[in-house]
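A.B. asks: Fold the following.
(2 chains)
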Amino acid sequence: MQDENGVAKGAEDRAYVRFEDVQKSYDGETLVIKNLNLEIERGEFLTMLGPSGSGKTTCLMMLAGFESTTHGAIYLHDQRIDNVPPHKRGIGMVFQNYALFPHMTVSENLAFPLKVRGLSKSDTEERVKRALEMVELPQFGDRRPAQLSGGQQQRVAVARALVFEPDLVLMDEPLGALDKQLREQMQFEIKHIHDNLGVTVVYVTHDQTEALTMSDRVAVFNDGIIQQLSTPEVLYEAPDNAFVAQFIGENNRFLGRIVERVNDQEVRVKLDTGEDIRALPVNLNGGDRTTLSLRPERVLINPDEGATPNVLEGTVQEVIYLGDHIRTRLAVAGHDDFIVKIPNAAGHPSLQRGQAARLGWTIEDCRALDA
Amino acid sequence: MADIAADGYVPERDESGALTTVDGTPLKISLRKSQRRAKRRAFYLVVPLLAFLFITFTIPIVGMIVRSVYNPEVANYLPETSAAIGDWDGEELPPEKVFAAMAADMEVGLENRTIGRAAGRINREIPGARSLVMGTARHVDEMQPPYREAFLEEDEDWSDLELWRLLKRETRLITPAYYLLALDFEYTPRGDIVERPEIYQVYRLLFIRTAWMSIVITGACLLLGYPVAHLLATLPLRTSNLLMILVLLPFWTSLLVRTSAWMVLLQQEGVVNDLLVWAGIINDNGRIRMIYNQLGTIIAMTHILLPFMILPLYSVMKTIPPSYMRAARSLGANQFTAFVKVYMPLTIPGLAAGVLLVFILAIGYYITPALVGGESGIFISNLIASNMQGTSAQLKLASALATILLVLVLFFYWLFNKLVGVDRLKFG
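C.D. replies: This is a model prediction of the structure:
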C-alpha cells in the first residue's frame, strides 16, 4: 500500500528521503506510526495529508529530529539521520505559527541560521537581502515580526527556512492561521518558490484542497498508515479505498453486497436497500461486502434512456445555489444525503424541492471499494 | 473635498474642518462625553483603595521624611534667642541682647517646662550642656542686666563660643544632621561636615552590606529558580501541578516557622552538621558555622524569597511556545545557542520582574536577618528597628535611615528601568 503508484520512476533514481520500517509509539501500548515506508524524490513537493491524529505531524517531526523513531531508520541523501540531532540535519522548517523570534527584527531572524553557521557579516547581509527580495518584502528588514501581517510573517518564515539553502524544507501546516483568500495566494507563492529553487518540500496539512493544489504527490495518512500515495489527480479520480475516497473531495457512498464478479472491469452489487448497481472493482479485499463510491459531479440528471448502465430514482430534498454550480441533495436508495453537483452551464437541468428525478452514472465512475 | 463613505454619507465638519456628529457637536467632545461615565465608574471602584493607600502609605511616608529633617526644639523653645542670634557673626561672644533674649526664653521655658527639651537637644551635640542650661535657668529670675556678665558669673561655660555657634545652627527648622549621622558623618561645632570616628561608623557599612547581600540572595534565587520555573513550564500538567505545590508550600507556611526550621537545620548541633559529621566529611570539632552569620541569612532568605522568583519566570515561560526552540534548532543552533539566543531573551520580562521583586523585598527584609543573622548577617532594617525601640530610641535617626533605604530602593528601581524597561516586566 505504501508503494508509490503515481509518478512513474526509473529504477536508477535514488530516493532522496527514505523512511524504512519506521514505527513510533509514545506510550508503549499503541503505535501512532505503523510500519512506515516512504521514499521522497529530490525536488519533489510531497504533502502528508490526513485528519488530526493520523500521524502525519509525528512523521514530519521525526524527519526534522524533534521526535525519535521507536523503530526503523530514516535516510537523507543515503545518510542515516534518525540519530542525528536536529541542528545537524540541515533541514529547513516552517512552523505552524511561524515561530519567528519575537525579540529579533526580520533581518535578525533571517540572519540567525547564517550566524550560527559562522558566515561572514557581508555574506550574511547579502543572503538576507536576497531572501527578503525572494518573498517580496525587501523594505521590511528592520521591523519586528509583531509589526507584520499574518501573510507577511508567513513569508518571512518561509524565507528563514530557505535562507541557509537547505535541500529539504519541511512545512507544518504553515497556512493554517491565514484567512481563505491569503491562504490561496500563499499556496501559489510557496509552489512558485518550490519550482524556482528546486528544493524538496515535505508539507503537512489537513486541508485537502491545499494538498491537491500544491503537491506533486500526496500521502494520505489515517490511523498511522499511508492509505494512498499518489498524484492529486489519481487520488481524486481513483481512490484506492473508502477512506481516501471519503477524505479527498466529496463522495456519495452506498453499502452493498457483491453478487457477481463479471470481469476486471465490472462487478454487480446489490445494495442493502435492494437496488442493483454495476460498478468498477478496485479494492475488494476478498469479502463480499463493498462500499460504492461516486463523485457528485459524475451523476447525470434524467439521462436518456439506456445512456447509463446505472439509474436510480430520487427525490430532491434541498437545492443550494453556489454560483458556479448548484448543489442538490436528494433522497436515493434509503439515504437522504445523496449529493449531485449540477454545473451552472447553459441549459442545465433545473430541479425543485420535492421533485422526483432519475439519476444515472457509468460503471467506471462508480468504484467498488473495501467495506 | 468632502469624504464620501460607501453609503453616500458625507461626514459633517465644523468651520475648522474637524469632524462633528450629526447634530453638530464636535466628534471628539461627543466621544469624550460618552466615555466619561465609564471612566467615572472605574474611578469610584478604586476610590476606597486610593483612600486606604493615602492614609496608610502616603501620609506615613511623608511624615517619616518630614520627621527625618525637622528640628524644632531650639527654634520653638528658645524663640527670642533664635531671633536675636541671627545676626551674630560667631567670632566673639554674642552681644548683650542675645543673653537678654536667652534669659527671657529661660523664664518662659521654666514656667512651661519646655526648657528641658531645648537643653536635651543641645546636650546631644555637646555633652554636659543640659546641666549648664538647666542650672542657669533655675537662677535666671534672680539675675539683673547686664545679662552677659550675669550668665558668665553663673557659669564660666557660657563663654564657650562653640555652644553659641551650635545654638545658632540649631535655630534652623530643617537640619541634615540625622542624614549625616545615618551616613556616618557629623557636624563639627563650627558647622563643618566630617566623618565620625571609625568606631562609631556602622550605618554606611550596613547599607553596603544590605545591598550586597540582597544582590547575592537575588542571584541565588535566580540560579535556583530558573531551572525550576523551566521545568514547571514544560512538564506535563499533572507533574507540574505537583511541583507547583512544592514551590508554593513555603508560601503557606508562616515565615517564623520557616526561619526557625532553618535554625534547627543549620545550627552547629543541627541536622546538617550532624549529617556531615556522620558522613565523615567533617569531624566533630570542625562543625561548620552556618547560621547566626551572613551565610545563615543568605540561605534562609533565598529559600523564603525563591517563590517570588519562580512565579514570574514561570508565568512568562508558560507563554513561550516550544516551537521557538525547535525553530532555532532546525535553523542550525545547538541546544546551548538556542537557549542563550532565543529562549533566554524571551524570558527577560519574567526574569527582570523576579529579580526586581526579590531584590526589593530582600533589601528591606527584617525578620529573618534578625533571627538568623547574628552579628555579621543583619540588615539595615534591623538597625532602623532598634533605633525605634527602647529608651534610647532615636526616631529621627530611624526616619533618616528609612528614608535613605527608600531612596536606595527607588534608585535601584530607576537603574532597573534604564537597563530593562519596567513596562516590559511581567509579574504573573
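
A.B. asks: What's the biggest helix in chain A, counting residues?
C.D. replies: helix A:180-197 (DSSP state H).

A.B. asks: Can I get that one in PDB? Just the C-alpha atoms.
C.D. replies: Output in PDB follows, covering the C-alpha atoms of helix A:180-197 (Å, rounded to 0.1, in the frame of the first residue of the first chain):
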ATOM      1  CA  LYS A 180      -9.000  31.900   2.900                       C
ATOM      2  CA  GLN A 181      -8.000  34.400   0.300                       C
ATOM      3  CA  LEU A 182      -4.500  34.900   1.600                       C
ATOM      4  CA  ARG A 183      -4.100  31.100   2.000                       C
ATOM      5  CA  GLU A 184      -4.900  30.500  -1.600                       C
ATOM      6  CA  GLN A 185      -2.400  33.300  -2.600                       C
ATOM      7  CA  MET A 186       0.300  31.800  -0.400                       C
ATOM      8  CA  GLN A 187      -0.300  28.400  -1.800                       C
ATOM      9  CA  PHE A 188       0.700  29.600  -5.200                       C
ATOM     10  CA  GLU A 189       3.700  31.600  -3.900                       C
ATOM     11  CA  ILE A 190       5.100  28.600  -2.000                       C
ATOM     12  CA  LYS A 191       4.500  26.500  -5.100                       C
ATOM     13  CA  HIS A 192       6.400  29.000  -7.200                       C
ATOM     14  CA  ILE A 193       9.300  29.200  -4.800                       C
ATOM     15  CA  HIS A 194       9.500  25.400  -4.900                       C
ATOM     16  CA  ASP A 195       9.500  25.400  -8.600                       C
ATOM     17  CA  ASN A 196      12.100  28.100  -8.800                       C
ATOM     18  CA  LEU A 197      14.500  26.800  -6.200                       C
END
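
A.B. asks: Going by neighbour count, list what's buried in that helix.
C.D. replies: A:183, A:186-187, A:189-190, A:193-194 (16 or more other C-beta atoms under 10 Å in any protein chain shown). Any C-beta I mention is one placed from the backbone N, CA and C, and that applies to glycine too.

A.B. asks: which SS state does the residue in the stretch 201-350 of chain A positioned nearest to chain B fall under?
C.D. replies: The shortest separation between the stretch 201-350 of chain A and chain B is 12.8 Å, found at residue A:202 (distances taken as C-beta to the nearest C-beta). Local secondary structure at residue A:202 is given as strand here, using DSSP: H, G, I helix; E, B strand; the rest coil.

A.B. asks: Would you agree it is in contact with residue A:172?
C.D. replies: No. If you go by C-beta atoms under 8 Å, residue A:202 and residue A:172 don't touch, sitting 9.4 Å apart.

A.B. asks: Need the residues touching each of those two.
C.D. replies: Contact with both residue A:202 and residue A:172 is made by residues residue A:60, according to C-beta atoms under 8 Å, 6 or more residues apart in numbering or on different chains.

A.B. asks: Let me know the closest of the buried residues of helix A:180-197 to residue B:413.
C.D. replies: Residue B:413 lies nearest to residue A:186 out of the buried residues of helix A:180-197, by C-beta to C-beta, at 46.3 Å.

A.B. asks: pLDDT score assigned to that closest one?
C.D. replies: At residue A:186, the model reports a pLDDT of 89.

A.B. asks: wait, it sits on residue A:152?
C.D. replies: No. Applying C-beta under 8 Å, one finds residue A:186 not in contact with residue A:152, separated by 10.6 Å.

A.B. asks: And for whichever residue of the stretch 101-250 of chain A sits closest to chain B, the neighbour number?
C.D. replies: Per C-beta to the nearest C-beta, the residue of the stretch 101-250 of chain A with the smallest distance to chain B is residue A:113, at 3.8 Å. Other residues lying near residue A:113 total 27 when counted by other C-beta atoms under 10 Å in any protein chain shown.

A.B. asks: So what sits opposite the residue lying closest to residue A:325 once chain neighbours are set aside in the bridge?
C.D. replies: Setting aside the residues directly before and after it, residue A:325 is nearest to residue A:341 in space (C-beta to C-beta, 6 or more residues apart in numbering or on different chains), at 4.8 Å. For residue A:341, the beta-bridge partners are residue A:327 (DSSP bridges).

A.B. asks: I'd assumed the residue of the stretch 101-250 of chain A closest to chain B was in a strand, is it?
C.D. replies: No. When the secondary structure is assigned by three-state DSSP, residue A:113 falls in helix instead of a strand.

A.B. asks: show me the contacts for it.
C.D. replies: Listed by C-beta under 8 Å, 6+ apart, the contact set of residue A:113 reads A:160, A:163-164, B:331-333.

A.B. asks: of those, buried ones?
C.D. replies: For those, a neighbour count by 16+ other C-beta under 10 Å gives the buried set as A:160, A:163-164, B:331-333.

A.B. asks: Break chain A down into its structural domains.
C.D. replies: Using automatic domain parsing, the domain ranges for chain A come out as A:17-242, A:250-369.

A.B. asks: Pick out the shakiest of these, pLDDT-wise.
C.D. replies: Mean pLDDT per stretch puts domain A:250-369 lowest among the domains of chain A, at a mean of 85.

A.B. asks: Give me the distance between that domain and the centre of its chain.
C.D. replies: Relative to the mean C-alpha coordinate of its chain, domain A:250-369 is positioned 25 Å out (C-alpha atoms, centre = their mean, to the nearest Å).

A.B. asks: Just the terminal-to-terminal distance for that domain.
C.D. replies: With C-alpha to C-alpha, to the nearest Å as the measure, domain A:250-369 spans 16 Å from end to end.

A.B. asks: Who are the packing partners of the longest helix of chain A?
C.D. replies: Packed against helix A:180-197, as judged by 3 or more C-beta pairs under 8 Å, 6 or more residues apart in numbering or on different chains; DSSP states H and E, are the following elements: helix A:150-162, helix A:208-214.

A.B. asks: angle of the longest one against helix A:180-197?
C.D. replies: Counting by axes from the mean of the first three to the mean of the last three C-alpha atoms, to 10 degrees, helix A:150-162 points 20 degrees away from the direction of helix A:180-197.

A.B. asks: What lies in contact with helix A:150-162?
C.D. replies: The set of residues that contact helix A:150-162 without belonging to it, under C-beta under 8 Å, 6+ apart, is A:92-95, A:98-100, A:106, A:109-110, A:112-113, A:131-132, A:134-137, A:140, A:145, A:148, A:169-171, A:174-175, A:177-179, A:182, A:185-186, A:189-190, A:193, A:197, A:199, B:330-331.

A.B. asks: returning to what we had before: can you pull the contacts of the residue of the stretch 201-350 of chain A closest to chain B?
C.D. replies: Counted by C-beta under 8 Å, 6+ apart, residue A:202 has contacts A:17, A:40, A:46-48, A:60, A:63, A:168-171.

A.B. asks: Quick check: the gap between it and residue B:324.
C.D. replies: Counting by C-beta to C-beta, to the nearest Å, the separation of residue A:202 from residue B:324 is 21 Å.

A.B. asks: If anything else comes up later, I'll come back, but that's it for now.
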